[in-house]
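> Predicted model and sequence follow; I will ask about them next.
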Amino acid sequence: MRLNGEISYLLSEEEKENERVSLMSLSPPPQHRLIVGYALTSKKVKSFFQPKLERLARKKGIVFIAIDQCRPLMEQGPFDIVLHKLTGKEWQQILEDYGEKHPEVTILDPPAAIQHLHSRQSMLKDVADLNLSDCYGTVGTPKQLVIIKDPSSIPDAVSKAGLTLPLVAKPLVVDGSAKSHELSLAYDEYSLSKLDPPLVLQEFVNHGGVLFKVYIVGEAIKVVRRFSLPDVNKHQLLSTTGVFRFPRVSCAAASADDANLDPSVSELPPRPLLEKLSRELRRRLGLQLFNIDIIREYGTRDRFFVIDINYFPGYSKMPGYEHMFTDFLLSVVQSKYSRRLSNS
Ligand SMILES: Nc1ncnc2c1ncn2[C@@H]1O[C@H](COP(=O)(O)OP(=O)(O)OP(=O)(O)O)[C@@H](O)[C@H]1O
Ligand SMILES: O=P(O)(O)O[C@H]1[C@H](O)[C@@H](O)[C@H](OP(=O)(O)O)[C@@H](OP(=O)(O)O)[C@H]1O
Ligand SMILES: [Mg+2]
Ligand SMILES: [Mg+2]
């Protein structure tokens, strides 16, 4: 938190008392403002800054300031937190330089950690390594294969890797563009050579047409249901050939939370399992702001697969996001200050 635009490293006794009071009430003392600089695409600004977020933030003493990408970041601020979702090496370097020069500023999240989610090859690695299995269930990833080039080699590569059809073809790189979300479903081996690498081929897992999105904001998690692709039965598989593009089903505004669904399909994954998964992924990925797409294998109660992880997703679609997000921003700065207080 800033006091008259200065970094308040050395606190007087009175200031320490103010900080203590504010820590207890989870809001900054009145003369303090929590300054959050943000660098987001215009699409993200529009979806994220809903009036209810702006109102609540104002009430809690949080001020959002747009980072001017045409001016050096070093000349802007001071900020307590930098919130960002931009891609590109240049931006990554700017943020890394800024972080080195301003270690007192929390960068959400570190660019190198976000980078890990920009490739569908590395994205699910930590889930696979985690190999989570406990009394609540198992969490794995679908079998997948990366194809860098040469579409004609795909049928052979797929059969060598022992992948079972149908396969979901996903662009390898996830860079926020519409193209990186253009997915297709391939029903037969021959048609695979029509695909356009670089891509990831992932086994399609039947899951009853319902997907769970687990939104993570620091330590808080919230899970919602979304409609997903319908199951593919044996008959459809044998009688269908070709590669079919499909729209961004899980992103549609309509949620499946209120739909009248088969409980064996729609029952949320056990909370302790999701908490463990989220905690572990936060630690392994080094990220605080992401969501996980998870499905339950049809016909099972407790076999789950993570199919996608998104950095700084569409939080405004999550009920109550304004509370979760503002509490998180305050807690980030307050835990930083309580550490400083205990060291002073
Ligand atoms: N392995 C799979 N098995 C079954 N369905 C899948 C699988 N992979 C993807 N899907 C379906 O395709 C949809 C899109 O896949 P995915 O989430 O990987 O793409 P995305 O473009 O990254 O999505 P988002 O908009 O969440 O970023 C999923 O929501 C799900 O309905
Ligand atoms: O919250 P979910 O349903 O997961 O969907 C998000 C996607 O996963 C994100 O990839 C989108 O953000 P980008 O378009 O900035 O990548 C994000 O875009 P948005 O923030 O503009 O809504 C969403 O589409
Ligand atoms: Mg997804
Ligand atoms: Mg995604």
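Cool, the structure landed. Ligands and ions are numbered 1, 2, ... in the order given.

> Run through the residues that contact residue 197.
147-151, 154, 172 (C-beta atoms under 8 Å, 6 or more residues apart in numbering). All C-beta atoms are positioned from the backbone trio N, CA, C, and that covers glycine.

> Show me these that map onto strands.
residue 147 (DSSP state E).

> of the contacts of residue 197, buried ones?
147, 154, 172 (16 or more other C-beta atoms under 10 Å).

> can I assume residue 38 is in contact with residue 63?
No: taking C-beta atoms under 8 Å as the definition, residue 38 is not a contact partner of residue 63, at 10.7 Å.

> When those two are compared, which one has more neighbours?
Each of residue 38 and residue 63 had its neighbours counted (other C-beta atoms under 10 Å), and the higher figure belongs to residue 38 (19 against 14).

> Can you classify the residue nearest to that one when sequence neighbours are not counted as helix, strand or coil?
Once flanking residues are discounted, residue 38 sits nearest to residue 83: 4.4 Å by C-beta to C-beta, 6 or more residues apart in numbering. The three-state label for residue 83, taken from DSSP: H, G, I helix; E, B strand; the rest coil, comes out as strand.

> How about residue 241?
coil.

> Ok, the one 3 residues further on next?
Reducing the assignment to helix, strand or coil with three-state DSSP, the entry for residue 244 is strand.

> For the residue nearest to residue 38, grab the count of nearby residues.
22.

> That one touches residue 35, doesn't it?
No: using C-beta under 8 Å, residue 83 is not in contact with residue 35; the gap is 11.0 Å.

> in this protein, what secondary structure element scores lowest on mean pLDDT?
strand 6-7 (a mean of 26; mean pLDDT, DSSP states H and E).

> Excluding chain neighbours, give the residue nearest to the residue in the stretch 51-200 of the chain positioned nearest to ligand 2 in space.
At 3.9 Å from ligand 2, residue 176 is the closest residue in the stretch 51-200 of the chain, using C-beta to the nearest ligand atom. Leaving aside its chain neighbours, residue 176 sits nearest to residue 87 (6.0 Å; criterion: C-beta to C-beta, 6+ apart).

> That neighbour: neighbouring residues, count only.
Residue 87, neighbours per other C-beta under 10 Å, totals 18.

> hang on, it is in a strand, isn't it?
No: read with three-state DSSP, residue 87 is coil and lies in no strand.

> is it true that residue 333 touches residue 34?
Yes: using C-beta under 8 Å, residue 333 makes contact with residue 34 at a distance of 5.6 Å.

> more neighbours, those two?
residue 34 (23 against 20).

> near ligand 4, which residues of the stretch 201-344 of the chain?
308, 310 (C-beta under 5 Å from the ion).

> can you give me the strands for the stretch 201-344 of the chain?
Secondary structure of the stretch 201-344 of the chain, counting by DSSP state E, counting those that start in this stretch: strands at 210-217, 220-227, 243-246, 289-296, 303-311.

> re the thing from before, give me the beta-bridge partners of the residue nearest to residue 38?
Taking DSSP bridges as the rule, residue 83 bridges to residue 38, residue 108.

> check contacts around it.
Going by C-beta under 8 Å, 6+ apart, the list of residues near residue 83 reads 36-40, 108.

> looking at these, which has the most residues close by?
Busiest of those [other C-beta under 10 Å] is residue 37, holding 23 neighbours.

> Now that residue. Nearest residue, chain neighbours left out?
residue 79 (4.0 Å).
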